[in-house]
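**Student:** Let's see this in three dimensions:
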Amino acid sequence: ACDHSGSSALLEACSGGHNEVMEMLLPAGAQLQLSEVKCAALLCSAVYEGDMQLLRRLLHAGARADAGDYDKRTALHVAASDGNMPAVQMLVEEGAATPTLMDRWEQTPLDEARRVGAAPVVEYLAARMPEAAVSNAMVKFQLWQAQTMLNAASRGMLATAQQLLDRGCPPDACDYDKRTGLMLAAANG
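**Tutor:** I've put the predicted structure just below:
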């Protein structure tokens, strides 16, 4: 049963760090009784705040690691975009999170990890995905790099352009009209 705020005894035990109470409730059939969005919010918050203990308790209590928020983002998306390898591993290994799930913008956790340059997370997730999905993610990343480079060059954002170059973006990355960042920078002064 849930109270007026939607909380259950098991959720209260998880939130309060009462492992012994959880171990009494779970064999008796207690459930978190969370909507998908609320479940995602709790898992994403635990990851964002770095609360690995709460994350583990929620997963142990039956929180669905693949629960998506209003944008279909999962805790694995958040962990990957933070480069948080311990959270990524826990979600995949203990929560059976699916690395190929896409959010509302058709981005996977692998896409997020690539975008922030979290190489160990990229390697870990890529090893757990079908080769076609990994190849597709690389194509999306290269397009994102090129678009970001062109935007930075056209706006005079030298630090952003340098970061992209440092992370392997080709200096001659171009748009659909074959315009390069250097051409846009020159055109905009």
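**Student:** helix or strand for Val78, which one?
**Tutor:** Val78 is part of helix 75-82 when elements are defined by DSSP states H and E.
**Student:** ok now that helix, how far from the chain's centre?
**Tutor:** 2 Å (C-alpha atoms, centre = their mean, to the nearest Å).
**Student:** and it, C-alpha only, in CSV?
**Tutor:** Output in CSV follows, covering the C-alpha atoms of helix 75-82 (Å, rounded to 0.1, in the frame of the first residue of the first chain):
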residue,chain,number,x,y,z
ALA,A,75,19.7,6.2,-15.2
LEU,A,76,22.2,4.6,-17.6
HIS,A,77,21.9,7.7,-19.9
VAL,A,78,22.7,9.9,-16.9
ALA,A,79,25.6,7.7,-15.6
ALA,A,80,27.1,7.6,-19.1
SER,A,81,26.8,11.4,-19.7
ASP,A,82,28.6,11.9,-16.3
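**Student:** so how far is the helix or strand that that helix is followed by from its chain's centroid?
**Tutor:** Per DSSP H and E, helix 75-82 leads on to helix 85-93 as the next helix or strand towards the C-terminus. Centroid separation between helix 85-93 and its chain, computed with C-alpha atoms, centre = their mean, is 11 Å.
**Student:** and the angle from the helix or strand that comes right after helix 85-93 to helix 75-82?
**Tutor:** Using DSSP H and E, the helix or strand that follows helix 85-93 in sequence is helix 109-116. With axes from the mean of the first three to the mean of the last three C-alpha atoms, to 10 degrees as the basis, helix 109-116 and helix 75-82 are set at 20 degrees to each other.
**Student:** Can you pull the poorly scored residue ranges out of this structure?
**Tutor:** 189 (pLDDT under 70).
**Student:** any chance you could map the helices in it?
**Tutor:** If DSSP state H is used as the criterion, the helices of the chain fall at 9-16, 19-25, 36-48, 52-60, 75-82, 85-93, 109-116, 119-126, 131-154, 158-166, 181-187.
**Student:** Now tell me what touches the last one from outside.
**Tutor:** Outside helix 181-187, the residues within contact range by C-beta atoms under 8 Å, 6 or more residues apart in numbering are Met149, Leu150, Ala152, Ala153, Ser154, Gly156, Ala161, Pro171, Asp172, Ala173. C-beta coordinates here come from the backbone N, C-alpha and C atoms, glycine included.
**Student:** let's see 10 Å
**Tutor:** For helix 181-187, contacts defined as C-beta atoms under 10 Å, 6 or more residues apart in numbering pick out 146, 148-158, 161, 164-165, 169-175, 177, 179-180.
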